[in-house]
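**Student:** The following comprises the amino acid sequence and a computationally predicted model.
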Amino acid sequence: MLGIPEDTQEDLSSFMFYEDPADRVRLVSALMKGGWARSRTIRFEARLLRADNRKPVPIRFTNTATYDDDGNMCRVDGVMEDMSERHSFEAEREAHELLVSSLFRDAAVGMSIGDLSGRYLAVNQAYCEMVGYSEDELLGQTSERFTHADDRGLSMRKVGEALAAGLNIVRFHKRYVHKNGTVFRVLLTMATVKNAQGQVVAGIGLVAPDPEEA
């Protein structure tokens, strides 16, 4: 972990080179402030430089104190965990989240995310341009605001029928009314989002111009 020979007889602490020397000060400061008076275990994260190549390694320290019968601290056991894999995973997850966010925001097809009542939690620019309303005008509203009068309630009904049939995705045609009053048809694909318990918590909508009108 620290690039130290296994057979070394020296105090390992002498090989603990902090990438940021202030981290050592912070750790000592935490101990001196009586952290163990509140808890017998203190956790601290810092980046150490390997002794062999000086490359930084993220480390989590877990120090546990043992007290004698008089309440005096007589021993401290320390554990160091290499957090490289976890940090790498978190970095990849952040990159994936950024990619998904970018795909949602910049997609050519209209996309929306709604809660169980159908109110918009998020909409992308293509969706806004399709219906003629801004993001601020749509968030917290439902599609009923610009759905043709004869098609109102259609989305919730179709999703309900799909769920009753054990389906998570449903596709159907629907008429919208643009903010300027123009009526147009779309092909709407709706998918449900479930939590770990299998409960529906949100819905995702993909809206594209109806190909039959192209």
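**Tutor:** That came in fine, so what should we check first?
**Student:** and residue 108, what is it in contact with?
**Tutor:** Residue 108 sits next to residue 126 when contact means CB atoms under 8 Å, 6 or more residues apart in numbering. All C-beta atoms are positioned from the backbone trio N, CA, C, and that covers glycine.
**Student:** distance of it from residue 146?
**Tutor:** 20 Å (CB to CB, to the nearest Å).
**Student:** In stretch 150-160, which residues are buried?
**Tutor:** By neighbour count with 16 or more other CB atoms under 10 Å, stretch 150-160 contains the buried residues 151-152, 154-156, 158-159.
**Student:** how's the protein carved up into domains?
**Tutor:** 12-87, 107-213 (automatic domain parsing).
**Student:** Reformat those domains as CSV; add mean pLDDT and distance to residue 94.
**Tutor:** Formatted as CSV, the domains of the chain follow (pLDDT from 0 to 100; distance: least, CB to CB, whole Å):
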stretch, mean pLDDT, distance to residue 94
domain 12-87, 73, 11
domain 107-213, 91, 19
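**Student:** Show me the one of these that comes nearest residue 93.
**Tutor:** domain 12-87 (10.4 Å; CB to CB).
**Student:** from the middle of its chain, how far away would the closest one be?
**Tutor:** Distance of domain 12-87 from its chain centroid, counting by CA atoms, centre = their mean, to the nearest Å, is 29 Å.
**Student:** Can you tell me which of the domains of the chain is most buried?
**Tutor:** A comparison of the domains of the chain by mean neighbour count, using mean count of other CB atoms under 10 Å, puts domain 107-213 on top with a mean of 15.
**Student:** what about the strands in the protein?
**Tutor:** Taking DSSP state E as the test, the strands found in the chain are 17-18, 41-49, 56-67, 73-82, 110-114, 120-123, 169-177, 183-194, 200-209.
**Student:** Relative to residue 24, which of these is closest?
**Tutor:** Set against residue 24 and scored by CB to CB, those come closest in strand 17-18, at 5.0 Å.
**Student:** Report the separation between the most far-flung residue of the chain relative to its centre and residue 40.
**Tutor:** Relative to the centre of the chain, the most outlying C-alpha is that of residue 70, 47.6 Å out, by CA atoms, centre = their mean. Using CB to CB, one obtains 16 Å as the distance from residue 70 to residue 40.
**Student:** How about residue 198?
**Tutor:** The gap separating residue 198 from residue 40 is 41 Å, by CB to CB.
**Student:** What of residue 183?
**Tutor:** Separation of residue 183 from residue 40 (CB to CB) stands at 70 Å.
**Student:** Residue 107 too?
**Tutor:** 52 Å.
**Student:** related to what we said a few turns ago, need the domains of the chain in TSV with distance to residue 93, can you?
**Tutor:** Putting those into TSV (distance: least, CB to CB, whole Å) gives the following:
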stretch	distance to residue 93
domain 12-87	10
domain 107-213	17
